[in-house]
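K.L.:
Could you work out the structure for the sequence below:
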Amino acid sequence: LATSMTDLSALRGLCPALCRLPTLVYFHENQFAYPASDQQRGGVEPQILNLYTALAADKVLFNSDYNRQSFIDGADALLKKLPDFSPRREVAARLARSEVLPVGISPQQAPPRSAGERLSLLWNHRWEYDKGPEQLLALLRACEAAALPLDVSIVGQQFRQQPEVFSQLRALLGNSRCLRLKHFGYLESAGDYRALLASCDVVLSTALHDFQGLAVMDAVAAGCRPLLPRRLCYPQWFAETYLYSSDLLQPSREADAACAALVALVALKRQGPLAAPDLSALYWPVLAMQYRQQLLALRG
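P.N.:
Below is the predicted model:
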């Protein structure tokens with residue numbers, strides 16, 4: 001069992017004994033659908049390695065249909081650019097046998113929420129460009145202009161370097177008359193993080209890159225109502241009522257759409273507690289047997 005970070009074709013070539021063992025590769029992300037960054041080097045080598053790894057495996061699994069389809073489409077687009085006689089049809093046939101099996105989440109008892117005048121909003125992602133902090137800033141500015149009563153928590157893993165926009169987010173929340181800063185930064189304690197999930201009404205994503213959305217799923221399992229852009233993996237897991245319009249070319253329009261959704265949620269909370277969708281089909285006790293079946297099937 002290998003992840004997509006493994007160069008399986010090289011590994012099997014360097015260790016010939018592995019060629020006699022059935023191999024399953026699990027793609028939790030792929031290099032064809034990764035958003036571009038100034039820090040990334042150019043070239044197609046990461047994509048080629050992803051493709052070689054998939055072709056070297058006896059079985060390929062993806063954590064979402066978005067991940068699988070973007071890989072298949074990206075691989076075909078890459079092969080289309082190659083000289084004549086590229087094996088597009090053969091590769092497509094091999095990849096068509098791949099399947100989707102998501103990573104499971106831990107079952108949780110979601111504590112009851114209550115009605116109220118203020119909405120508790122959570123953004124729980126890595127503090128990097130691909131999670132859409134610029135989109136988050138545009139949204140919170142729209143919420144400030146609309147005078148929405150929000151208690152905002154911005155938490156997640158941080159690194160030595162992080163986008164400057166997080167300083168702007170903290171300044172905006174610190175100076176706002178309607179937006180209150182509840183948490184800002186990384187929570188070292190898993191217990192504190194779980195308590196935060198249990199206390200929030202809404203979990204928000206502004207991501208440019210999310211192949212399954214585990215942080216969102218964990219928050220929803222803890223009772224948060226999701227508010228997510230209509231892109232990436234989110235439409236696979238969540239109904240239309242939990243999505244807002246995606247418009248990466250016009251961020252202000254996307255911010256207005258998300259803000260309008262929050263206006264409606266503030267009104268709903270005044271009438272009663274917000275409800276979260278049921279994700280029990282994604283709990284580990286449900287999915288574990290499917291993983292077991294995939295591994296047993298490799299044995300023939």
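K.L.:
For the rest of this, base every contact and every neighbour count on C-alpha atoms.
P.N.:
Fine.
K.L.:
Show me the shaky parts of this protein.
P.N.:
When residues are selected by pLDDT under 70, those of the chain lie in 36-42.
K.L.:
In it, which helix is the longest?
P.N.:
Longest helix in the chain, counting residues (DSSP state H): helix 251-271.
K.L.:
buried set for that helix?
P.N.:
Going by neighbour count (16 or more other Cα atoms under 10 Å), the buried part of helix 251-271 is 251-263, 265-266, 268-269.
K.L.:
just stretch 190-207 next, same as before
P.N.:
Buried residues in stretch 190-207, counted by 16+ other Cα under 10 Å: 193, 196-207.
K.L.:
Could you do stretch 127-137 as well?
P.N.:
For stretch 127-137, burial by neighbour count (16+ other Cα under 10 Å) applies to W127, E128, Y129, D130, K131, G132, P133, E134, Q135, L136, L137.
K.L.:
Reformat the residues you listed as TSV; add distance to R113 and secondary structure.
P.N.:
Converted to TSV, those look like this (distance: Cα to Cα, whole Å; DSSP: H, G, I helix; E, B strand; the rest coil):
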residue	distance to R113	secondary structure
W127	28	coil
E128	31	coil
Y129	32	helix
D130	31	helix
K131	27	helix
G132	28	coil
P133	27	helix
E134	30	helix
Q135	28	helix
L136	25	helix
L137	27	helix
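K.L.:
ok, which stretches of this structure are helices?
P.N.:
Using DSSP H, helices in the chain cover 8-14, 45-56, 65-81, 88-95, 133-145, 165-175, 190-199, 214-221, 234-237, 251-271, 284-298.
K.L.:
coming back round to it: who touches the longest helix of the chain?
P.N.:
Contacts to helix 251-271, defined as Cα atoms under 8 Å, 6 or more residues apart in numbering, come from residues 114-119, 135-136, 138-140, 142-143, 148-149, 227, 244-248, 274.
K.L.:
Also stretch 155-165?
P.N.:
Under the contact criterion Cα under 8 Å, 6+ apart, stretch 155-165 has outside partners 122-129, 133-134, 137, 183-187.
K.L.:
can you tell me which of those residues lies nearest to R88?
P.N.:
Within the contacts of stretch 155-165, the smallest distance to R88 is 33.1 Å, found for Y129 (Cα to Cα).
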